[in-house]
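Participant: Got a predicted model here, sequence first, then my questions.
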Amino acid sequence: QVQLVESGGGLVQAGGSLRLSCEASSHTVGIYAMGWLRQAPGKEREFVAAIRWTIGATVYAESVKGRFTISRDVSKNTINLEMNNVRPDDAALYYCVLDRRTVVKGTSWEFRGQGTQVTVSS
C-alpha cells in the first residue's frame, strides 16, 4: 500500500508564499505521476497540479497557473508545491495524490494522502 505524507501547511497572509511537500513511502515503485488536489469547506474537491514522474512535465489548474509551481525529487520520492501570491480562495485542505498509470487532470487518483491545511488571512 502506498502511503503519502504531506507537510508544510499552515497560515499564510494573502499575497504571501507557502511551500507544501509530500513524501511517498520508500517502497513505492512504478510512479507515473503525483500531484495535488484541494478541498475548501462546502466545496467540491478540485485538481490543483500534477507532474509526470519520469519526464517532469507539469499541468496546472487555470486558477493557480502562474502562481503555483509543482516539482519533484525522484531520489526522495517527494513532490513540492510552491505557492506564491496566495489568495483567500486558495484556503483549503490540500491532498497529495499519486497514480501508477496516468496523469489525472481531475480528482480520481489511485492514492491520496490525509491532507495538509492551508489557511489564508486577508
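Facilitator: The structure has been received and is ready for your questions.

Participant: residues contacting S63?
Facilitator: Shown in contact with S63 (CB atoms under 8 Å, 6 or more residues apart in numbering): D89. Just so you know, the C-beta spots here come from the backbone N, C-alpha and C atoms, and that holds for glycine as well.

Participant: 7 Å instead?
Facilitator: Shown in contact with S63 (CB atoms under 7 Å, 6 or more residues apart in numbering): no residues.

Participant: so is it in a helix, a strand, or just coil?
Facilitator: coil (DSSP: H, G, I helix; E, B strand; the rest coil).

Participant: The chain should start at 54 in everything you say after this.
Facilitator: Sure thing, new numbering starts at 54, so read that last one as S116.

Participant: Geometric centre of the chain: which residue is closest?
Facilitator: Most central in the chain under CA atoms, centre = their mean is W89, positioned 2.4 Å from the mean C-alpha point.

Participant: Pretty sure that one sits against F100.
Facilitator: No - W89 is beyond contact range of F100, at 8.1 Å (criterion: CB atoms under 7 Å).

Participant: ok, back up a step: in space, what's closest to the residue nearest to the centre of the chain - neighbours in sequence excluded?
Facilitator: Leaving aside its chain neighbours, W89 sits nearest to V101 (4.2 Å; criterion: CB to CB, 6 or more residues apart in numbering).

Participant: Against which helices or strands is the one helix or strand the residue nearest to the centre of the chain maps to packed?
Facilitator: Of the helices and strands defined by DSSP states H and E, W89 is found in strand 86-92. Using 3 or more CB pairs under 7 Å, 6 or more residues apart in numbering; DSSP states H and E, the elements in contact with strand 86-92 are strand 99-105, strand 121-126, strand 145-152.
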